[in-house]
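Enquirer: Let me see the structure of the following:
(chains A and B)
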Amino acid sequence: MMEPGSAFSAALDLVFGGDADFWGIVLLSLRVTLTALLIAAAIGLPLGALLAIGRFRGRDAVIVLTNALMGLPPVVAGLLVYLTLSRSGPLGFLGLLFTPSAMIVAQTVLILPIVIALTRQVVEGLWEEYAEHLRSLGLTPLGAIPTLLWDARFALLTALLAGFGRASAEVGAVLIVGGNIAGATRTMTTAITLETGKGNLELALGLGIVLMAVTLTVNALAFGATRASRRWGG
Amino acid sequence: MPILKRRTLGALLVAAGAALAVPAQAADRFITVASTTSTEQSGLFDHLLPLFTQRTGIAVRVVAQGTGQALETARRGDADVVFVHDAAAERKFVDDGFGVKRHAVMYNDFVLIGPKTDPAGAAGKDIAAALRKVAEAKAPFASRGDDSGTHRAELRFWKDAGLDPKTAGDWYKETGSGMGPTLNTASAMDAYVLADRGTWLNFRNRGDLAVLVEGDKRLFNQYGVILVNPARHPHVKADMGRTFIDWLVSKDGQAAIASYTIGGERVFFPNAAPAS
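Expert: Residues are numbered from 1 along each chain as shown, chains lettered A, B, ... in the order given. Here you go, the predicted model:
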């Protein structure tokens, strides 16, 4: 049976034990998720804004679709990316399956709908408020997008954090496309799954505690950056 | 302000592009092996692979799946070597042209695990008789239910017992997951479960479970290794894959397998055919 508190001591052992494998896993998890977030932001912020101010046929359907895709099960996203990147799939020639790049692609697929949908919502509100003002400055709707995104930056940070949370917490997609290969594609969540499978419940929970600590740190940094930039950035 | 933002966006895009452009498979020499959860979770690979890498400079990346999934991974060309335990499926894999040749490497054995108190009275040396007892008592039984080599073996034993678990009551529970998670389930509900010895010996969350049936010849579990056919999938790293297989069946590799113990117990027994 598990002793209460033994998971915490397992977590402390991991953090202070100087285990290179463990830190490799933490860094890989962060690298994969942050890269996916960066890509999703680069694509999703402009697309979300475009969706907010654009008026075209089928817009409502696109909005409903992106909203629904926020609920895409990670294992389905993983399976789609797997079938695409598999050697027998359309992009198999890239040889990306079972590499960190494959995990980045899968997590990007998971984050992108969140970034698009939340950006759309935030920017739409702003656009309704300032459309006339921006037009009077001679800005076309398209030209207004950077201004709108910039004005909404604090709300959009929350959207990005939601995306980060979804990607760093999921295991279904990275397990399928990464393969949980020791030293190559083992992330915190797949390691937790593996240790649970071995019946190492303390170690599994200890890894979970570390993962939560990492997530907490990222959120605290974002919060601090927001506050600092509000105070000094104007 | 908009210009600033545009620059930021541009930088983001460039960074994203750079991240994608980083070659995923740098120059390092490695092969991908599709194998089973039993070899991974028993700890065998942690013991074996560093020895091979040290000798040859070739790293081995193991994707641990059920035997069915591992063969499918190899069939799709997503692995260079497949290392599993279902002789019939392995032969079919080779016959269908997906693999070059099947080499026997080693065997381990299955054990029937159950509550120490053994409410069904299943303990003994005969796996078929034991399963009949479990069924008569309608004692909870946790099945892998995941088309793995162990699951397929379990189904064979039910057949030997003259029973069809498909028509069993709800005492027969398919977990649809790997060996470890299934053992966790069995431990939580004091169920009987068929496991490979290696995973069991390495398993920490045993609760009240113990080995009840072992030593039946039918519980013998042969592992085979196959090079994925480069004629079918030209990107297969055939040379390095062959080096790995040659080493596994060599004197060195076989000795390395034999030297792996858990708590002083040997888990895998090398039995490759001598090189001809």
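
Enquirer: Report the buried residues of stretch A:200-207.
Expert: In terms of neighbour count (16 or more other Cβ atoms under 10 Å in any protein chain shown), stretch A:200-207 has its buried residues at A:200-207. Using the backbone N, CA and C atoms, a C-beta is placed for each residue, glycine as well.

Enquirer: Which residue does chain B have closest to chain A?
Expert: Residue nearest to chain A within chain B: residue B:180 (2.9 Å; Cβ to the nearest Cβ).

Enquirer: May I see the buried residues of stretch A:200-207 arranged in JSON lines, with secondary structure and pLDDT as well?
Expert: What follows is the buried residues of stretch A:200-207, written out as JSON lines (DSSP: H, G, I helix; E, B strand; the rest coil; pLDDT from 0 to 100):
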{"residue": "A:200", "secondary structure": "coil", "pLDDT": "87"}
{"residue": "A:201", "secondary structure": "helix", "pLDDT": "88"}
{"residue": "A:202", "secondary structure": "helix", "pLDDT": "86"}
{"residue": "A:203", "secondary structure": "helix", "pLDDT": "87"}
{"residue": "A:204", "secondary structure": "helix", "pLDDT": "90"}
{"residue": "A:205", "secondary structure": "helix", "pLDDT": "91"}
{"residue": "A:206", "secondary structure": "helix", "pLDDT": "89"}
{"residue": "A:207", "secondary structure": "helix", "pLDDT": "91"}
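
Enquirer: Residue A:34: how many residues sit nearby?
Expert: 17 (other Cβ atoms under 10 Å in any protein chain shown).

Enquirer: wait, residue B:201
Expert: Counted with other Cβ under 10 Å, residue B:201 comes out at 20.

Enquirer: Any buried residues in the helix or strand where residue B:136 lies, and which?
Expert: Element membership for residue B:136 (DSSP states H and E) is helix B:127-137. For helix B:127-137, burial by neighbour count (16+ other Cβ under 10 Å) applies to B:127-128, B:130-135, B:137.

Enquirer: List, one by one, the residues from the stretch 51-200 of chain B near chain A.
Expert: Contact residues (Cβ under 8 Å from any Cβ of the partner chain) of the stretch 51-200 of chain B with chain A: B:59, B:61-64, B:76-78, B:178-181, B:183-184, B:187.

Enquirer: Buried residues in stretch B:244-263, which are they?
Expert: For stretch B:244-263, a neighbour-count test (16+ other Cβ under 10 Å) marks B:244-245, B:247-249, B:253-254, B:256-257, B:260, B:262 as buried.

Enquirer: How about residue B:35, nearest residue that isn't a chain neighbour?
Expert: Excluding the flanking residues, the one nearest residue B:35 by Cβ to Cβ, 6 or more residues apart in numbering or on different chains is residue B:83, at 4.2 Å.

Enquirer: Sorry, wrong one. I was asking about residue B:29.
Expert: Nearest to residue B:29 is residue B:58, by Cβ to Cβ, 6+ apart, at 5.1 Å.

Enquirer: show me what contacts that neighbour?
Expert: Neighbour list for residue B:58: B:29-31, B:52, B:240, B:243-244 [criterion: Cβ atoms under 8 Å, 6 or more residues apart in numbering or on different chains].

Enquirer: Just the buried ones from those?
Expert: Buried, going by 16+ other Cβ under 10 Å: B:30-31, B:52, B:240, B:243-244, out of those.

Enquirer: Dump those residues to JSON lines, plus secondary structure.
Expert: Formatted as JSON lines, these follow (DSSP: H, G, I helix; E, B strand; the rest coil):
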{"residue": "B:30", "secondary structure": "strand"}
{"residue": "B:31", "secondary structure": "strand"}
{"residue": "B:52", "secondary structure": "helix"}
{"residue": "B:240", "secondary structure": "helix"}
{"residue": "B:243", "secondary structure": "helix"}
{"residue": "B:244", "secondary structure": "helix"}
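
Enquirer: What distance do you get for residue B:63 to residue B:71?
Expert: Taking Cβ to Cβ, to the nearest Å as the measure, residue B:63 falls 12 Å from residue B:71.

Enquirer: Which helix or which strand is home to residue A:32?
Expert: Per DSSP H and E: helix A:20-53 holds residue A:32.

Enquirer: So which residues lie in contact with the next helix-or-strand element following that helix, not counting its own?
Expert: Counting by DSSP H and E, the next helix or strand C-terminal to helix A:20-53 is helix A:59-69. Contacts with helix A:59-69, where a contact means Cβ under 8 Å, 6+ apart, come from A:51, A:112-113, A:116-117, A:120.

Enquirer: how about a cut-off of 6 Å?
Expert: The contact list for helix A:59-69 (Cβ atoms under 6 Å, 6 or more residues apart in numbering or on different chains) reads A:113, A:116-117.

Enquirer: chain center to it: distance?
Expert: The chain centre lies 19 Å from the centre of helix A:59-69; the measure is Cα atoms, centre = their mean, to the nearest Å.

Enquirer: What are the buried residues along it?
Expert: Within helix A:59-69, the residues scored as buried using 16+ other Cβ under 10 Å are A:62-63, A:66-67, A:69.

Enquirer: ditto for stretch A:92-112
Expert: Of the residues in stretch A:92-112, A:92, A:94-112 count as buried by neighbour count, 16+ other Cβ under 10 Å.

Enquirer: now do stretch B:269-276
Expert: Buried residues in stretch B:269-276 (16+ other Cβ under 10 Å): B:270, B:272.

Enquirer: try stretch B:159-176
Expert: Buried residues in stretch B:159-176 (16+ other Cβ under 10 Å): B:160-161, B:163, B:165, B:168, B:171-173, B:175.

Enquirer: I'd like those residues as TSV, with secondary structure appended.
Expert: Putting the buried residues of stretch B:159-176 into TSV (three-state DSSP) gives the following:
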residue	secondary structure
B:160	helix
B:161	coil
B:163	coil
B:165	helix
B:168	coil
B:171	coil
B:172	strand
B:173	strand
B:175	coil
